[in-house]
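K.L.:
Build me a model from this:
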Amino acid sequence: MFFGSQTGTAEEYAIRLAKEAKSRFGLSSIVCDPEEYDFGNLDQVPNDKVIFFVVATYGEGEPTDNAQPFMEFIMDENVEFSQGGNTLENLNFVVFGLGNRTYTYYNEIARKIDKRLKDLGARRIGERGEGDDDKSMEEDYLGWKDTMWESFSKTLGVEEGGAGDVADFAVTEVNTHPAEKVYHGELSARALVAAASGNNTPVGSYDSKNPYPAPVLSSNELFAVGGDRNCVHIEFDITGSGLTYQHGDHVGVWPINPDVEVERMLSVFGLQSEERRNAVVTIESLDPALAKVPFPVPATYDAIFRHYLDISSVASRQTLSFLARYAPTPEAGEKMARWGASKDIYAAEIDGPCLKLAEVLQAAVGDSQTAPFDKTTVWPIPFDRIVSVVPRLSPRYYSISSSPKYVPSAIHVTAVVLKYKSAPSHAHENSPRWVYGLSTNFILNVRNASAGTSGANTPSHDGPDAMGNQQLPSAGLGHVEFNKTPMYRLQGPRGHYARQNIFRVPIHVRRSTFRLPTSPKVPVIMIGPGTVSPDNP
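P.N.:
The predicted structure is shown next:
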C-alpha cells in the first residue's frame, strides 16, 4: 500500500485498505512511503501480489512531496526496470486518488499513474477510485471499495472471511512509569524533554515531526467587534528557531481539541474522573507493518483525547458500522447499524448535522448532548478499537500572509474563523446548531486570551473548572468573552504553551512548489478575492 500524502489523509486511507484486506481475506499488507522504495524493482513483483497506490493530487496537478521521486521515475519515457526491460506485464495494481473538483487538474496524479502503468502492460484491478474532497471523500471511497474488493477476490482467487475482527493494538495501563517520561500532549520526544525539564523550547531542528512552540507576537480581530463573524490576524515569532519560509509556503498549526469534546469522549468511555483521565497507558502495535502506533506513548487518556486523536471531526459511516457491535443496548446497536448501512440516512442524521463520534454514541442511547455529561451512558468499546478507528489529530495548514523579506523572523496567518449552522439534528430536538471549525476557533481562543496585545500577552490562569474549561482572570484581558466559541486548554501539556507571560502555539513550515517567476520582466496577473458587508459595501 503506497501512499502519496501531503497532510496524512492518503496515508489514512491506505491504512484503512490494509486493515480491510486483513479483515476480509486474512491477507497481510505493508503500508509504505514511496520515498523509501526503489521502483526499479516493480518488474519483480510476483503476479499473485497487488500493489496499491493511494495518492493525493497537490496544488495544480502535482504529486505530493513524498510521491515526487516515484512520478519522475515512472513517467520517464526511457524508464528501465531492474531486469533490463521496460514493461510491467507481471504487475497487478489498484489505484485510488484523492482530489478536489474545484481544481483544474482533478485527481491528475491518480489518472497519470493509472494510464502510465497500463501503458507499461500492468493490469488494474477494479475501477480507478477517485475521491472528491469538495463533496464527500468518504462516500466516494465507500462507493468504490466494495466493487474493487470483488474484483480483487476474483483476480487473486481469495475468499472473504479470512480473519474477521482482528485487533491492531494492545493497550496496557501502567502504574510505575516515570512521570517525566509520560506524554501529556507533547508532539515529539524532544518536546517531552523540554516540557518536563521546564525549558521554553525543545532542542533540535523543527519540522512536522518536531513542531516549534512559537511565541505569539500579536493577534488582532479584523472584522467588526461584536459581529457575527471573525477574522483573526495572528503573528508567530520564529526568532532563533532556525525556521525559514518563502512566499507560497504554508504554516502548519497544531490545534488541540476543545474542552467540551474532550469531556464528552471521556464520559462516553467512563474515564471522566480525575483518577481515570490521568491514568497512563502504553500502546503496542500487533502488526507494525500494517499499523504503527499513531501518537507518542505512554500517555494519559486525557492527553490522547485532547491532543492526539481527531475527536472533533464528523463520525464516518464506516466507523459507526464497525462500532455498532459494542452498543450497550440492542436499540442503540440497531441505530448505529442503520446509520452505517444507509448513505441517505447517514447524510440526513449524522453528516448534515455534523455529529462527532461521541455525539453519535450519545444520540444512539438517547443521552443528553448538553454538558455536564455526568449521566452519560458508558460504551464498552475496547480502547484499542478507538485508537484504530479515530484518525490522528493532524495540523491544519494556512497560507502565510507575511513577507519573508519584510519580516523574516515572524510568520503571519490571516484566517476567517469557521462557524456555521448545521442541518437540523434529531439529537438536538430537530433544530440546527452552530458548528465550529477546530483550528480557526483554537486560533480565535489564542487571540481572545492574548487580548490583542503585542508581545506582552498575559496568559496567567486560575486552573480548569469542573468541566476542564480554561479559566482566565478578567484582569488585563479587557472585554474578552469565551462563551461564544468552544474553549480550549491553551496552557498545553505541563503548562508549556503558557509560560513567562507568553502564549505559544506549535507550528511548522511546509514547503510549496508554487513560486513567482524569478525574472521581474515576466508579467503577473494578481487577483485579490474578498468579501463585503451588506452594511458597508
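
K.L.:
The stretch 351-500 of the chain: helices as residue ranges?
P.N.:
Assigned by DSSP state H, counting those that start in this stretch, the stretch 351-500 of the chain shows helices spanning 357-365, 383-389, 438-450.

K.L.:
Save those helices as CSV, and put in mean neighbour count and mean pLDDT too.
P.N.:
In this view, the C-beta of every residue, glycine as well, is placed from N, C-alpha and C. Shown next, in CSV, are the helices of the stretch 351-500 of the chain (neighbours: other C-beta atoms under 10 Å; pLDDT from 0 to 100):
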stretch, mean neighbour count, mean pLDDT
helix 357-365, 24, 95
helix 383-389, 20, 93
helix 438-450, 24, 91
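
K.L.:
any idea how far Arg338 is from Arg317?
P.N.:
Taking C-beta to C-beta, to the nearest Å as the measure, Arg338 and Arg317 are separated by 11 Å.

K.L.:
So which residues of the stretch 51-200 of the chain form helices?
P.N.:
For the stretch 51-200 of the chain, the helices defined by DSSP H, counting those that start in this stretch cover 68-74, 108-119, 137-156, 189-197.

K.L.:
related to what we said a few turns ago, among Arg338 and Arg317, which residue is more densely surrounded?
P.N.:
The residue with more neighbours, out of Arg338 and Arg317, is Arg317; 23 against 16, by other C-beta atoms under 10 Å.

K.L.:
What sits closest to that one if chain neighbours are left out?
P.N.:
Spatial nearest neighbour of Arg317, excluding adjacent residues (C-beta to C-beta, 6 or more residues apart in numbering): Tyr346 at 4.8 Å.

K.L.:
Tell me, what's the model's pLDDT at that neighbour?
P.N.:
Note on Tyr346: pLDDT of 93.

K.L.:
Next, the contact list for it, please.
P.N.:
Residues in contact with Tyr346 (C-beta atoms under 8 Å, 6 or more residues apart in numbering) are 317, 320, 339-340.

K.L.:
does it count as helix, strand or coil?
P.N.:
helix (DSSP: H, G, I helix; E, B strand; the rest coil).

K.L.:
What separation is there between it and Val253?
P.N.:
Distance from Tyr346 to Val253, by C-beta to C-beta: 30 Å.

K.L.:
what does Asp228 give?
P.N.:
Separation of Asp228 from Val253 (C-beta to C-beta) stands at 24 Å.

K.L.:
more crowded one of the two?
P.N.:
A count of neighbours by other C-beta under 10 Å puts Val253 above the other of Asp228 and Val253, at 25 against 8.

K.L.:
quick one: the more buried one and Pro395 touch, right?
P.N.:
Yes: if you go by C-beta atoms under 8 Å, Val253 and Pro395 touch, sitting 6.0 Å apart.

K.L.:
Need the overlap of contacts for these two.
P.N.:
Counting by C-beta under 8 Å, 6+ apart, the residues touching both Val253 and Pro395 are Ile507.

K.L.:
The closest residue to Gly333 other than its chain neighbours: neighbouring residues, count only.
P.N.:
Nearest residue to Gly333, sequence neighbours excluded (C-beta to C-beta, 6+ apart): Ala327, at 3.5 Å. Here the number of neighbours of Ala327 (other C-beta under 10 Å) works out to 21.

K.L.:
Now do Ala327, the pLDDT please.
P.N.:
For Ala327, pLDDT reads 96.

K.L.:
List the contacts of it.
P.N.:
Residues near Ala327 by C-beta under 8 Å, 6+ apart: 333, 335-336, 364-365, 379.

K.L.:
could the residues you listed go into JSON lines alongside distance to Leu120?
P.N.:
As requested, the contacts of Ala327 are exported to JSON lines (distance: C-beta to C-beta, whole Å):
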{"residue": "Gly333", "distance to Leu120": "48"}
{"residue": "Lys335", "distance to Leu120": "49"}
{"residue": "Met336", "distance to Leu120": "45"}
{"residue": "Ala364", "distance to Leu120": "49"}
{"residue": "Val365", "distance to Leu120": "54"}
{"residue": "Trp379", "distance to Leu120": "49"}
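
K.L.:
and of those, the nearest to Ser197?
P.N.:
Nearest to Ser197 out of the contacts of Ala327 is Trp379 (C-beta to C-beta; 38.3 Å).

K.L.:
Just to check, the closest one is in contact with Val268?
P.N.:
Yes: the criterion here is C-beta under 8 Å, and Trp379 meets it with Val268 at 5.6 Å.

K.L.:
so what strands line up beside the helix or strand of the chain with the lowest mean pLDDT?
P.N.:
One helix or strand of the chain scores below all others by mean pLDDT, DSSP states H and E: strand 498-499, with a mean of 84. Strand pairing for strand 498-499, using DSSP bridges, gives strand 502-510 (antiparallel).

K.L.:
ok and the strand it pairs with relative to helix 189-197, angle-wise?
P.N.:
Interaxial angle, strand 502-510 versus helix 189-197 (axes from the mean of the first three to the mean of the last three C-alpha atoms, to 10 degrees): 170 degrees.

K.L.:
I'd like the helices of the stretch 351-500 of the chain as JSON lines, with distance to Lys115 appended.
P.N.:
Output for these, formatted as JSON lines (distance: least, C-beta to C-beta, whole Å):
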{"stretch": "helix 357-365", "distance to Lys115": "38"}
{"stretch": "helix 383-389", "distance to Lys115": "34"}
{"stretch": "helix 438-450", "distance to Lys115": "36"}
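
K.L.:
Of the ones you listed, give the one that comes closest to Ile74.
P.N.:
It is, among the helices of the stretch 351-500 of the chain and with distance given as C-beta to C-beta, helix 383-389, at 32.2 Å.

K.L.:
From the contact counts, what lies against the closest one?
P.N.:
strand 169-174, strand 280-285, helix 317-323 (3 or more C-beta pairs under 8 Å, 6 or more residues apart in numbering; DSSP states H and E).
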